[in-house]
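Trainee: A structural model of the following input is requested.
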Amino acid sequence: MITSLQDTITLPNGVKMPGFGLGVYKVEDGKTVVDSVKAALKHGYRSIDTASFYDNEEGVGQAIRESGIPREDLFITSKVWNDEQGYEETKQAFARSLEKLGIEYLDLYLIHWPVKDLYTETWRAMEELYNEGKVRAIGVSNFHEHHLEKLLAGANEKPVINQVEYHPHLAQVDLHAYCKEQNIQLEAWSPLKRGQLLNDPTLTEIGEKYGKTAAQIILRWDIQHEVITIPKSTNPERIASNAAIFDFSLTEEEMQKIDAMDCNDRAGTNPDSYS
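Mentor: Reported below is the predicted structural model:
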């Protein structure tokens, strides 16, 4: 379990990834995303998660350059979108992401969604990008167990990450257990359920004990479950607040109380019904 903002988790291929980062989904390109990423980096964040679909890779790249932080000290993730999938298409999409970001390599590249009849070919391209040294680690996002089983059946490289919707209302217990069995690290997107849990009475009550917000309680719960988490914010104060979770620990009873909130309720789309 990580104990500070810049602590890393060693992925199955040996690459070290910060266990806490900034997500930039739906953050407008240009000044908004540049300022958000720079605020996070200034505060000590070192992991930034973007995607071609977010249409803000150029702003993320600008913020990286303007931060003055050496590239090797940062961990940059992007993802291949649904209409970019397929063998040749994925390679082209990867090159576009690098160009927009203005960097020479990615630390992590993910399949954004398991597009039927395409994601195995997409994975073949990603394996080649990995073996050519253009990306340090490859993984998937929004994959259920059956998607992973199909991918693994023909894979030469195992995905090191499965980034999924994960929060107290959607703990994905069976998927988490499967990923642990397969030595695949779970990563949480939408850990705050798009803000829907910020006034939850259980989380608020636990937070009062520690002088913490409901958001901080959720993010601490992620960390104690050894799930990498990437909360999104464009507010510098909230970016700092989200990371202020390393000066307390939840008790086992409190963890179980939050676990009991699981009701299999999504803020996003179920990958099985994603079009």
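
Trainee: Every contact and neighbour count from this point should use C-alpha atoms.
Mentor: Will do.

Trainee: in the protein, which spans are strands?
Mentor: For the chain, the strands defined by DSSP state E occupy 8-10, 16-18, 22-23, 47-49, 75-80, 108-111, 138-141, 161-165, 185-189, 228-229.

Trainee: Identify all contacting residues around the third one.
Mentor: Strand 22-23 has contacts (Cα atoms under 8 Å, 6 or more residues apart in numbering) with Val37, Ala40, Tyr45, Ser47, Ile48, Asp49, Thr50, Trp189, Ile230, Pro231, Lys232, Ser233.

Trainee: and the gap between the residue located most distally from the centre of the chain and Glu84?
Mentor: Distance from the C-alpha centroid of the chain, by Cα atoms, centre = their mean, peaks at Lys209 (28.6 Å). Computed with Cα to Cα, to the nearest Å, the distance linking Lys209 and Glu84 is 47 Å.

Trainee: Asn264 now?
Mentor: In this structure, Asn264 and Glu84 are separated by 30 Å, where distance is defined by Cα to Cα.

Trainee: more neighbours, those two?
Mentor: Taking Asn264 and Glu84 together and counting by other Cα atoms under 10 Å, Glu84 has the greater number of neighbours (20 against 13).

Trainee: show me the contacts for the more buried one.
Mentor: By Cα under 8 Å, 6+ apart, the residues touching Glu84 are Thr90, Ala93.

Trainee: pLDDT wise, what is it at?
Mentor: Taken from the predicted model, the pLDDT recorded for Glu84 is 97.

Trainee: Use 17 as the first number for this chain going forward.
Mentor: Will do, 17 is the new start, and the previous item becomes Glu100.

Trainee: I'd like the strands of the chain as a markdown table, with mean pLDDT and mean neighbour count appended.
Mentor: As requested, those are arranged in a markdown table below (pLDDT from 0 to 100; neighbours: other Cα atoms under 10 Å):
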| stretch | mean pLDDT | mean neighbour count |
| --- | --- | --- |
| strand 24-26 | 98 | 17 |
| strand 32-34 | 98 | 20 |
| strand 38-39 | 98 | 24 |
| strand 63-65 | 98 | 23 |
| strand 91-96 | 98 | 23 |
| strand 124-127 | 98 | 27 |
| strand 154-157 | 98 | 25 |
| strand 177-181 | 98 | 24 |
| strand 201-205 | 98 | 23 |
| strand 244-245 | 98 | 26 |
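
Trainee: So what's the residue count around the nearest residue to Asn215 once chain neighbours are set aside?
Mentor: Take Asn215 and drop its neighbours on the chain: the residue closest to it by Cα to Cα, 6 or more residues apart in numbering is Ala230, 6.9 Å away. One way to gauge burial is a neighbour count; for Ala230, by other Cα under 10 Å, it gives 22.
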